[in-house]
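Asker: predicted structure and sequence below. I'll ask about it afterward.
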Amino acid sequence: MFSPNAETNAVKRDYQHIEVTPYGAALGAVVTGVDLRNPTEEQMAEIKWAITDHSAIFFRGQDLTPEDQERFTTYFGEFGVDPFVEGIDEHPNVLRLLKEADESTNVVFGGTWHSDWSFQDQPPSYTILFGKDIPPYGGDTLFASLYNAYESLSPTMQGICESLNVVHSAKFGYGDHMADLYEAVLENMDVKTGGEDANRLKTHPMVTVHPESGKKVLFITGIYSLAIEGMHLHESQLLLETLQTKIVENPLNLCRFRWEPGSMAMWDNRCVQHLPMADYQGQRREMLRTIVSGGVPTGV
C-alpha cells in the first residue's frame, strides 16, 4: 500500500521540472527536485498537476521560514480563514500546532478524522503543513481518499448519496462545552470555542464534483458532518457513520505519511480527510500550518 512503486489510479504525466513518486495506491506522492523557497514557474505548474492527480503531496528536506511558507501558499490562492486559532506573531495566516514534551496528556489538536473547516461557506481548498520540530517516533498523519470512497459505493448508493445534502458544523469540535477540555489537554495552544463560528450550520452536497479533476467526491468530513438534511437525526447518524466507516476503515483507501524534520505535506480538503496520530507522548512536535481559501462546493 505504501510502496513507492505501488500501482495508482493517478493520471500518468510526463513531469519535466520535478520528480513525482507515488506514495500510496489510493492517494499521495512524494515530490522531489524542487526548493520550495524559490520554485520556478514551471515547477509550480507541475506541483499543481501533482496535487490534483494525487490529492496529497509530500516534500522532504525543506528549510522554510514562515515567510517562505506564506509565499508558497499564495501560489495557490488567497489565505483561508482560521476561526479558532490565531496565527503567530507577524504572520497571522500561519498557525503553530505545538505539543511540548512535558504535557500531561497525549491529546493533539485536530485529533479526529476530518477535512479542514468544511462548515464554512467556502471551505479551504488546500492545507499546507510544515514539520519544524518532529519527534523521533510517532506523529504520523493519515489521509483517506474521498474519491475512492465514492467509487467504492454501489451504483444505487451513489445515486442516493447524490440526492442528499449534509449539514456541517463545528459545534462538536469547538462548541462552548469544549472550552474546559481544551484548556486542560492542549496546554500550549490557545483554542477559541463557542460563538457564531462554532454554532453556525452550513449545508453542502453529500456528493460534490471536484473543480479541477472533474471527479465525484463523497464529501463527508468526519466530525464536521453533523446531519443529513431532511432526515430524522437517528437516520442521518446511521448513514453518516456507515459512510465514515467506509472512508477511514479500508486500508486500501489510506495513506500514512511519516514526518521528518523539514518535511512538508500539502493536501486537498475537497477530496481528502486526514488524522494526526497522537502516539508521541513525551516528545516535542511543532508544525506550521497555512490554508488556501476555496470555492463553494458544487453538487452533481
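Answerer: Arrived safely. Keep in mind it's a predicted model, so treat the numbers as computed, not measured.
Asker: for the stretch 101-250 of the chain, just list every one of the strands.
Answerer: Ranges of strands within the stretch 101-250 of the chain are 126-133, 141-145, 165-168, 202-205, 207-209, 216-218, 225-228, based on DSSP state E, counting those that start in this stretch.
Asker: dump the C-alpha coordinates for the last one into CSV.
Answerer: It refers to strand 225-228. Output of strand 225-228 as CSV, limited to C-alpha atoms (Å, rounded to 0.1, in the frame of the first residue of the first chain):
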residue,chain,number,x,y,z
SER,A,225,-20.6,16.4,9.1
LEU,A,226,-23.4,16.8,11.6
ALA,A,227,-26.6,15.5,10.0
ILE,A,228,-28.3,14.9,6.7
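Asker: what lines up beside that strand in the sheet?
Answerer: Strands that pair with strand 225-228, judged by DSSP bridges, come out as strand 165-168 (antiparallel).
Asker: let me know the pLDDT of residue 105.
Answerer: Looking at residue 105, its pLDDT reads 92.
Asker: what secondary structure does residue 267 sit in?
Answerer: Following DSSP: H, G, I helix; E, B strand; the rest coil, the label given to residue 267 is strand.
Asker: what about residue 180, how many residues nearby?
Answerer: 10 (other CB atoms under 10 Å). Just so you know, the C-beta spots here come from the backbone N, C-alpha and C atoms, and that holds for glycine as well.
Asker: kindly report the same for the one 5 residues further on.
Answerer: The tally of other residues near residue 185 (other CB under 10 Å) stands at 17.
Asker: what's the answer for the one 5 residues further on, then?
Answerer: Burial measure for residue 190: 10 neighbouring residues, criterion other CB under 10 Å.
Asker: sorry, back to before: I'd like the strands of the stretch 101-250 of the chain laid out as TSV, including mean pLDDT.
Answerer: Shown next, in TSV, are these (pLDDT from 0 to 100):
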stretch	mean pLDDT
strand 126-133	98
strand 141-145	99
strand 165-168	99
strand 202-205	99
strand 207-209	99
strand 216-218	99
strand 225-228	98
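Asker: got the buried residues for stretch 91-111?
Answerer: Buried residues in stretch 91-111, counted by 16 or more other CB atoms under 10 Å: 91, 93-99, 103, 107-110.
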